[in-house]
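Asks: structure, please.
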Amino acid sequence: MADDTYYRLHYGSGGLEFSAENAWSGLWGAEYVADGSKSVCPECDATGVSYGETCSSCDGEGYDECQQGYSCCWSAEELLAYYAAHGGAGDADPVVEFEGARCGNGFDGEPLVIPTAVVRWTTIGHLRAEVA
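Replies: Now for the predicted structure:
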């Protein structure tokens, strides 16, 4: 069975290249550790302590585990609709169209995918023009 094709707005978080090894997803706006597998706990800011007690969000670890796989969309249309509703995507923002194996669901119910091959890199602006 062939891998499915997916679309993702991808900035290369922390300078990490787009790859199966770096395929991690966390909540938007989070600060990540160097390998991308964990994010700084927003409740305690990596201290492990919140309001003088062990942080209940991260159990005092200071970091939240990320989910394996890149969060992405099934189609170009879905990606464009998502960013139209949530904002935050400019015409020059990079989009990767890729093949991959789904490994779960993200925080918003979106597919989490381990990439197997890059189909192409484009931008949100070019994708908008193609879909129009």
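
Asks: quick one: the strands in this structure?
Replies: For the chain, the strands defined by DSSP state E cover 4-9, 24-25, 38-40, 49-50, 53-54, 63-65, 67-68, 70-71, 94-105, 111-123.

Asks: and of the ones you listed, who's closest to Y83?
Replies: Comparison of the strands of the chain against Y83 by C-beta to C-beta identifies strand 4-9 as nearest, at 6.7 Å. To be clear about C-beta, it is placed using only N, CA and C from the backbone, and glycine gets the same treatment.

Asks: so which of the strands of the chain is the most packed in?
Replies: Among the strands of the chain, strand 70-71 has the highest mean neighbour count (mean count of other C-beta atoms under 10 Å), at a mean of 24.

Asks: isn't G100 right next to D3, touching?
Replies: Yes - in this structure, G100 is within contact of D3 by C-beta atoms under 8 Å, at 5.5 Å.

Asks: joint contacts of those two?
Replies: T116, A117 (C-beta atoms under 8 Å, 6 or more residues apart in numbering).

Asks: any weak-confidence spans in this protein?
Replies: By pLDDT under 70, the low-scoring segments of the chain are 1-2, 12-15.

Asks: which residue is most remote from the mean position of it?
Replies: For the chain, the largest distance from the centre (C-alpha atoms, centre = their mean) belongs to G52, which lies 31.9 Å off.

Asks: separation between it and W24?
Replies: When distance is defined by C-beta to C-beta, to the nearest Å, G52 is 31 Å away from W24.

Asks: cool, L16 as well?
Replies: When L16 is compared with W24 (using C-beta to C-beta), they lie 9 Å apart.

Asks: buried ones in stretch 7-23?
Replies: Across stretch 7-23, burial judged by 16 or more other C-beta atoms under 10 Å covers Y7, R8, L9, H10, S13, L16, F18, N22, A23.

Asks: cheers, nothing more for now.
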